[in-house]
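J.: whatever this is, show me its structure:
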Amino acid sequence: MKEITKWSITVALAGFLFGFDTVVISGANSPVKELWNLSPFMHGTFIMSMALWGTVVGSLLGGFPTKILGRKKTLFWIGILFFVSALGCALTQDPYTFSAFRFIGGIGVGVSSVAAPIYITEISSESNRGKLGGLYQFWLVFGILIAFVSNWLLKGVDGANDWRWMLGVEAIPALIYTLMVMKVPNSPRWLVLQKKDDAAAMLVLQKIYNGAASAQQRLEEIKLDLQQKTSSENLFQKKYSRILWLGFLIAFFNQLSGINFVLYYAPQILEQAGLGGAESLFNSISIGIVNLIFTFIGVRLLDKLGRKQLIIIGSIGYIISLVMVGICFQMELSATLLLIFICTFVASHAIGQGAVIWVFLSEIYPNRVRAYGQSWGTSTHWVFAAIITLVTPFFIDDKEGIMRDNLWNIYYFFAGMMVLQLIWAIIYMPETKGRTLEELEKDLVDHAK
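T.: Numbering: from 1, shown residues only. Modelled structure (predicted):
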């Protein structure tokens with residue numbers, strides 16, 4: 001079991017790079033905009049959202065290398081993409097080259113969100129799948145926190161070039177991760193279904209289930225998938241319609257909560273609330289700390305309360321906190337009170353959607369289409385993340401933003417979407433805790449025919 005935990009932690013480090021890479025741009029947001037004198041369109045398109053468009057591409061295409069090359073090789077190349085992106089962004093001299101390297105990092109994020117959760121899910125047992133799968137989200141939010149801390153510490157280190165150090169420092173953990181992931185084994189389900197290597201799969205399964213008998217039983221269950229017709233590998237067919245909708249909706253609601261809106265633009269939002277300058281970067285750290293603490297709580301509860309209950313709890317927290325943030329802006333209440341409710345919002349996300357989404361997406365798809373299904377869910381997530389990040393400057397830009405004087409309407413909109421998520425979770429979302437992947441396939445696919 002210690003080896004399973006070690007492998008899971010190693011692969012989950014891809015989540016650290018994911019979190020760091022996506023949020024570190026918040027510290028370079030204003031300096032880069034001023035350096036190249038960018039319009040809201042250029043700023044939103046080529047600086048803030050370009051990595052997310054790379055993430056969309058990575059998540060859309062990530063299922064192919066994850067299935068064909070294998071989870072392990074794909075995870076290795078993710079580290080290379082992050083390393084190249086970090087160094088490239090630090091050394092670039094124009095916004096177009098900068099956006100190209102951000103795009104490369106985004107591809108790494110997108111493929112990571114496909115390959116890493118799948119790998120951890122496939123080397124876990126039903127009793128610890130939530131806890132180990134949640135490690136990916138834990139490292140993700142730890143990466144977010146470290147990005148906020150790193151940006152704050154590097155503020156003033158090299159004057160106008162601070163932002164280069166903020167982005168370039170990511171190359172260090174990217175290199176460490178790349179070397180570490182070379183030592184993990186291949187996924188047993190990939191070995192059986194793609195390589196037809198039962199012996200190698202059996203060695204891994206014995207470590208997962210602590211015994212030859214249990215491992216042999218699980219191997220036989222996995223091999224049943226080989227008896228299915230090749231047409232079963234086509235994700236977009238009627239029998240998979242339920243899980244396609246489940247993957248789409250959990251990803252859709254994840255982004256329509258407004259989480260990336262808050263995380264990406266945290267310093268700017270806090271400045272507009274009266275917590276300006278370097279202080280806004282420092283206060284962003286408090287957001288990261290809350291995110292980390294409540295993600296840890298959520299991960300611990302995944303195998304106890306279950307995925308569905310956490311989504312319901314998080315939805316209620318979302319609604320209350322988003323309405324209160326809107327009221328704080330509308331009634332011009334204290335900036336400290338606003339920060340408290342923003343932190344409450346982040347806590348609600350961390351214990352609900354944040355802890356659940358990557359585990360849930362990697363559980364609901366059958367073995368044969370898991371890589372493609374994960375791509376479907378994650379690409380939905382990242383398409384909406386990219387759209388929200390792209391259009392945000394048009395709404396909140398302090399000079400040209402169409403809602404710069406009534407930001408509260410944005411938060412009321414997100415609160416309304418979370419009411420819909422709460423209804424969906426109560427009525428339609430299935431519980432997946434404590435069940436093998438093969439059992440879930442029978443329930444969500446075979447019984448839904």
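J.: what packs against the helix or strand encompassing residue 143?
T.: Assessed by DSSP states H and E, residue 143 sits inside helix 129-154. The contact analysis (3 or more Cβ pairs under 8 Å, 6 or more residues apart in numbering; DSSP states H and E) places helix 129-154 against helix 2-23, helix 25-35, helix 95-122, helix 162-168, helix 278-301, helix 355-363. (Glycine included, C-beta is placed from N, CA and C.)
J.: if we use 6 Å, what do you get?
T.: helix 2-23, helix 95-122, helix 162-168, helix 278-301, helix 355-363 (3 or more Cβ pairs under 6 Å, 6 or more residues apart in numbering; DSSP states H and E).
J.: not counting sequence-adjacent ones, nearest residue to residue 112?
T.: In space, and not counting its chain neighbours, residue 112 is closest to residue 14: 4.4 Å by Cβ to Cβ, 6 or more residues apart in numbering.
J.: residues near that neighbour, how many?
T.: 32 (other Cβ atoms under 10 Å).
J.: quick one: it from residue 341, how far?
T.: As judged by Cβ to Cβ, to the nearest Å, residue 14 and residue 341 stand 32 Å apart.
J.: list the contacts for residue 79?
T.: Residue 79 makes contact with 174, 177-178 under the criterion Cβ atoms under 6 Å, 6 or more residues apart in numbering.
J.: tilt between the helix holding residue 143 and helix 355-363?
T.: Here the directions of helix 129-154 and helix 355-363 differ by 130 degrees (axes from the mean of the first three to the mean of the last three Cα atoms, to 10 degrees).
J.: list the buried residues for helix 129-154?
T.: 129-152, 154 (16 or more other Cβ atoms under 10 Å).
J.: and the next element down the chain from the helix or strand where residue 383 lies?
T.: Counting by DSSP H and E, the element that carries residue 383 is helix 370-396. Going down the chain from helix 370-396, the next helix or strand is helix 408-427, by DSSP H and E.
J.: give me the mean pLDDT for that next one.
T.: For helix 408-427, the mean per-residue pLDDT is 93.
J.: how about residues contacting the next helix or strand after that helix?
T.: Under the assignment DSSP H and E, the closest C-terminal helix or strand after helix 408-427 is helix 437-444. With Cβ under 6 Å, 6+ apart as the test, helix 437-444 has contacts from 221, 243, 363-364, 366, 432.
J.: of those, grab the buried ones for PyMOL.
T.: Restricted to buried positions by 16+ other Cβ under 10 Å, the PyMOL selection for the contacts of helix 437-444 reads:
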select buried, resi 243+363+364+366+432
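J.: which two in the contacts of helix 437-444 are spaced the farthest apart?
T.: 221 and 243 (18.8 Å; Cβ to Cβ).
J.: neighbours of residue 416, just the number please.
T.: 13.
J.: and it, how close does it get to residue 331?
T.: Residue 416 is 19 Å from residue 331, by Cβ to Cβ.
J.: restricting to C-alpha, output the helix or strand containing residue 208 in PDB.
T.: In the assignment (DSSP H and E), residue 208 maps to helix 198-209. Extracted in PDB, the C-alpha atoms of helix 198-209 (Å, rounded to 0.1, in the frame of the first residue of the first chain):
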ATOM      1  CA  ASP A 198      -1.400  -9.900 -18.000                       C
ATOM      2  CA  ALA A 199       1.800 -10.800 -16.200                       C
ATOM      3  CA  ALA A 200       2.900  -7.200 -15.800                       C
ATOM      4  CA  ALA A 201      -0.600  -6.100 -14.800                       C
ATOM      5  CA  MET A 202      -0.700  -8.900 -12.200                       C
ATOM      6  CA  LEU A 203       2.400  -7.600 -10.500                       C
ATOM      7  CA  VAL A 204       0.900  -4.200 -10.100                       C
ATOM      8  CA  LEU A 205      -2.500  -5.500  -9.000                       C
ATOM      9  CA  GLN A 206      -0.900  -7.600  -6.300                       C
ATOM     10  CA  LYS A 207       0.500  -4.500  -4.800                       C
ATOM     11  CA  ILE A 208      -2.900  -2.700  -5.000                       C
ATOM     12  CA  TYR A 209      -4.900  -5.500  -3.400                       C
END
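J.: by contact count, what packs against the helix or strand following that helix?
T.: Downstream of helix 198-209, the first helix or strand assigned by DSSP H and E is helix 212-223. Judged by 3+ Cβ pairs under 6 Å, 6+ apart, helix 212-223 is in contact with helix 198-209.
J.: angle of the helix it packs on against helix 95-122?
T.: Going by the same axes, to 10 degrees, helix 198-209 makes 80 degrees with helix 95-122.
J.: what comes up buried for helix 198-209?
T.: So, applying 16+ other Cβ under 10 Å, buried residues of helix 198-209: 198, 201-202, 204-209.
J.: got a list of contacts for it?
T.: 3-4, 125, 185, 188, 191-192, 212, 215, 218-219.
J.: any idea how far it is from the chain center?
T.: Helix 198-209 has its C-alpha centroid displaced from the chain centroid by 29 Å (Cα atoms, centre = their mean, to the nearest Å).
J.: ok, now stretch 237-252?
T.: Using Cα atoms, centre = their mean, the distance between the centre of stretch 237-252 and that of its chain works out at 18 Å.
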